[in-house]
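# Provided below for reference: sequence and predicted model.
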Amino acid sequence: MAFSILYWANYTAGTKKLSRKSEIAVHSDHVLRFIYDQEASYVRGVVQASMRDRSYNVTISLGTNYNVENSTCECVNGQDKCHHKASLLLYGYKNVSKTDVRQSWVKNPKSVPPRQTKTMEDLFPAADRFVNYRLASS
């Protein structure tokens, strides 16, 4: 999972109106720009206002335990909780996939021990009764 729904759930906990307005904003494509930096633990974006021809810049610092550490929005409620921030968090959950997030692989694959090849006899050893049968018939 690249972006957890728990960020949105914790941010909107106890505020049904906030969660509903953010769902409507995401469904109505009001999130115009979205940037997620997993290493720096922040989300930035531009969210269109509900009823106006205006958009707001939103920045969210993600904290531990899926909580929002710090956030700003240019709207009137920007210093407090607003549905622009909530919609950015919900948008992240619905649209960020594992392939969108920077991945890491083993740095030195030569340091990994090579796999040992196994033969069919190693994988499927002969049962004792067949071994005894061959010895008895010779």
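Sure, I can see it. This structure is a prediction, so every number in the text was calculated from the model and none was measured. Numbers count the residues shown, from 1 in each chain.

# start to end distance for stretch 76-92?
Using Cα to Cα, to the nearest Å, the end-to-end distance of stretch 76-92 comes to 23 Å.

# any idea how far it is from the chain center?
19 Å (Cα atoms, centre = their mean, to the nearest Å).

# On the three-state scheme, T72 is what?
Three-state call for T72 (DSSP: H, G, I helix; E, B strand; the rest coil): strand.

# Once you drop chain neighbours, what's closest to it?
With sequence-adjacent residues excluded and distances taken as Cβ to Cβ, 6 or more residues apart in numbering, T72 is closest to T59, at 5.1 Å. C-beta here means a position set from N, CA and C on the backbone, and glycine is covered the same way.

# Distance-wise, check the one you found relative to H84.
11 Å (Cβ to Cβ, to the nearest Å).

# ok, these two, which is more surrounded?
H84 (28 against 17; other Cβ atoms under 10 Å).

# Hmm, the more buried one is touching C73, no?
Yes - contact status for H84 versus C73: in contact at 4.9 Å, counting by Cβ atoms under 8 Å.

# which residues do these two both contact?
Common contact partners of H84 and C73 (Cβ atoms under 8 Å, 6 or more residues apart in numbering): V47, Y56, V58.

# wouldn't L89 be in contact with N10 here?
No - L89 is beyond contact range of N10, at 9.1 Å (criterion: Cβ under 8 Å).
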